Each structure stands twice: as C-alpha cells, then as structure tokens.
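>>> structure of the sequence below:
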Amino acid sequence: MPKSLPVELPERLCLGNLPTPLQPLVRISERYSLPFDGPRIWVKRDDLTEFGMSGNKLRKLEFVAAEALSRGCDTLITCGGAQSNHCRTTALVGARLGLGVHLILRGEPDTAVDGNLLLDHLAGANVSIYSPSEYAANLEQIFAYWHEEYLAHGHHSLCIPTGASDGLGIWGYLAASQELIEDYSSQGFEPEHIVCATGSGGTQAGLTLGCQLLQVKTGVTGYAVCDSAAYFQSKVREDISHWSRLTGIDLDLSSLKVGVNANYIGPGYGVADPEVYQTIIEVASLEGILLDPVYTGKAFHGLLQQLRNGIYQGCSNVVFVHTGGQFSLFPYRKNFSFQQD
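Modelled structure (predicted):
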C-alpha cells in the first residue's frame, strides 16, 4: 500500500487541528451491528477539526483560501442554505485571515438568526438572503452581480461553489483519505467501507479519488441528504474530472466506483423524519457524539438501518466520517421530544 498520495499537494493553509481522531463506537456496534454478524463501527472525528467546530468544510477551505490569497483576493463569496455549515466556516475563515466574506443564502427574509446564521453574523460576514425560487433560478447571476459589485469598489473576490465542492476543494479530502488510511493502519485493520453524508459531493469525491490513488480496496459510500443517487454519481465524477483538468493528471473515470445510498433522504433537504431525531438522541446518549438533522444524523440513521438489515453482514470494520454540523441542532430544537421526570 502506498504511504502517500502519488501526487503533490498544492499550497494549503494550516487552519485545522489535524489529524482528527479515529474512535470505535463500542455501544453502537454492540447494539446495531455485532448481533447481526456485522462490522465494528468506527468514527473519524472530523467534527473536531475545530475553528468553531467547522467539520469537513475546513479541510476544503485550507486549499481554497490559499488559492484566494495567491490570487490576491481580499473577499470570499460563497453560497448555501440559511443554515449552511460551509458558509459559516467560510465566514470564520475570512475573519481569521482578514478577508471580507459575502454569503448568498437560500431562505426567507424572516429566517431566524440562530445556529449557523447567528455565527455568520458574529463573524462579520455580509449576508444576502434570497427566496428558494430566486436562488435556484438565478444563482449564477447572483454570484456575477456581487463579484462585479465588489470589483467596482476595488475588491477582488474569489467565488466559491456550494460546499467548496469542485476540483480545488476536492484536495481537502484527498489529503484526508491519506490521513484516514494512516489512522486505521496504526489500529491494525483495513475497513471494507468508508461512509459519509453527501450533500454537495465534494467530501465523497475526495475520499473516492483518494482511495483509488492510494490503491486500497476500501469502498466509499455517500449517504445522500438531498437530490438522488444519479445526481451524486454524476456530481462526484464531475468534481473528479474538474480536478483532473486542473492538475493535468489523466484518470480513467469509467473504472471509478461511486457508491451512493439515497434511501434515507426523507422529505427533503433540511427536513428529517422523526426517526432521525431519535437516532441523534440515541447516539448522543450512547457515545457522547452529536449529530445534526441535516447531514450526519440522516447518514448515520441510514447506516444503522443498513446494519440492521444485514447489508454489511460479514464485514469486519466500517468507518463513518463525521463531517460536523452540530450548530444545526439548535434551529431544529422543536423537533426533539424528551421525557422528563
């Protein structure tokens, strides 16, 4: 097994507390997996990259922010939902680096300033909220408008796509795939599967490409939180193809295995079934780990159902990549039900 990626990493900023821990989920495994001849479940704690609990987004922004500085940009413009983890992380990174940040958010004008949106404002980001219909129809034009607006006032901006998921942001989880392989090698095992939530596709793309470049047999599956399996299979390949064009490294995309499970999306993006909230409570009470109802809660709930159904029967180890998002718990507080003595 190669000890390092066969490609040289581009310039990056050291913003995260890396490497993050790889921990066994002992009680979850005993309850949901081992009785069904399933694997031991491990969690890669990328919720602990720190920088305001910025999760997986920080790994991508180490490379994206370095590119912005190399281009002489003084402003970052990006987009997402009103409770976007990526937008919140960009706001904090901008504050740390002395860069202006403008967030194009999908929501309603009366969206409560809570959770990630509260942190956006605390970090000093400029926030523009657009209705879901306008956002969906005109996002490219909105980006262009704000880019030109800042240019007219003497500012140079870098426009970052949703989730920083493209051929530049993919470097974050290319580097993470090497770190992860070193983690489990030091623990003396090689998992059959790595699973993660997939919402913009970049984390899954980086892990998928990383495993291929590192020549490991471990499969990568993204549990979709929106859209469809076909969408993410296309999006992951699109990001990897973009990376290939940027680096000039030829890849055989036809041999790339892109695993997507879209069976646990629920009613839609940012909307979870009651069972997901129960899973969040259970994981917190059993393992002291916080999941969120938008990304990790849905993905981990899906993983538990698959374990119960024997999908991973006969496997020895599965690693869940915890991508963060805990601040999204607070705007959804009314969906939790607790029994009090």
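
>>> from here on, just use CA atoms for contacts and neighbour counts.
Fine.

>>> got the contact list for S131?
By CA atoms under 8 Å, 6 or more residues apart in numbering, the contact set of S131 is R106, G107, E108, P109.

>>> which one of the residues you listed is nearest P6?
When those are compared for distance to P6 (CA to CA), R106 wins out at 38.9 Å.

>>> my guess is the closest one meets G80, correct?
Yes: R106 is in contact with G80 according to CA atoms under 8 Å; the separation is 6.1 Å.

>>> which residues does the strand or helix carrying R237 contact?
Assignment of secondary structure by DSSP states H and E places R237 within helix 229-247. Contacts of helix 229-247 from elsewhere in the structure, counted by CA under 8 Å, 6+ apart, are 165-168, 170, 198, 200-202, 204-206, 209, 224, 250-251, 253, 258-262.

>>> quick one: strands adjacent to the next helix or strand after it?
Per DSSP H and E, helix 229-247 leads on to strand 259-261 as the next helix or strand towards the C-terminus. Strand 259-261 pairs in its sheet with strand 219-224 (parallel), by DSSP bridges.

>>> could you give the mean pLDDT of the partner strand?
What strand 219-224 shows for mean pLDDT is 97.

>>> ok and that strand relative to helix 229-247, angle-wise?
Orientation note: strand 219-224 sits at an angle of 120 degrees relative to helix 229-247 (axes from the mean of the first three to the mean of the last three CA atoms, to 10 degrees).

>>> from the middle of its chain, how far away would strand 219-224 be?
Counting by CA atoms, centre = their mean, to the nearest Å, strand 219-224 is centred 12 Å from the centre of its parent chain.

>>> domains of the protein?
As assigned by automatic domain parsing, the chain contains the domains 22-54+166-327, 74-155.

>>> what's the closest of these to G16?
Across these, closest to G16 is domain 22-54+166-327 (CA to CA), at 5.0 Å.

>>> how far off centre is that closest one?
9 Å.

>>> now do the end-to-end distance for that domain.
Distances were taken as CA to CA, to the nearest Å; on that basis the terminal residues of domain 22-54+166-327 are 22 Å apart.

>>> now do stretch 119-134
Stretch 119-134 has an end-to-end distance of 24 Å (CA to CA).

>>> flag every buried residue along that stretch.
Along stretch 119-134, the positions that meet the burial threshold by neighbour count (16 or more other CA atoms under 10 Å) are L119, D120, H121, A123, A125, V127, I129, Y130.

>>> ok, and the closest non-adjacent residue to the last one?
Among residues not flanking Y130 along the chain, R106 sits closest, at 5.2 Å (CA to CA, 6 or more residues apart in numbering).

>>> check contacts around that neighbour.
For R106, the residues meeting the contact criterion (CA under 8 Å, 6+ apart) are C79, G80, G81, A82, I129, Y130, S131, P132, Y135.

>>> distance to L69, secondary structure and pLDDT added to those, as JSON lines?
Output for the contacts of R106, formatted as JSON lines (distance: CA to CA, whole Å; DSSP: H, G, I helix; E, B strand; the rest coil; pLDDT from 0 to 100):
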{"residue": "C79", "distance to L69": "19", "secondary structure": "strand", "pLDDT": "98"}
{"residue": "G80", "distance to L69": "22", "secondary structure": "strand", "pLDDT": "97"}
{"residue": "G81", "distance to L69": "26", "secondary structure": "strand", "pLDDT": "95"}
{"residue": "A82", "distance to L69": "26", "secondary structure": "coil", "pLDDT": "95"}
{"residue": "I129", "distance to L69": "26", "secondary structure": "strand", "pLDDT": "97"}
{"residue": "Y130", "distance to L69": "28", "secondary structure": "strand", "pLDDT": "97"}
{"residue": "S131", "distance to L69": "31", "secondary structure": "coil", "pLDDT": "96"}
{"residue": "P132", "distance to L69": "32", "secondary structure": "helix", "pLDDT": "95"}
{"residue": "Y135", "distance to L69": "28", "secondary structure": "helix", "pLDDT": "97"}
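
>>> H193: neighbouring residues, count only.
With neighbours defined by other CA atoms under 10 Å, the count for H193 comes to 18.

>>> residues in contact with it?
With contacts defined as CA under 8 Å, 6+ apart, H193 is in contact with T218, G219, V220, T221, N317, V318, V319.
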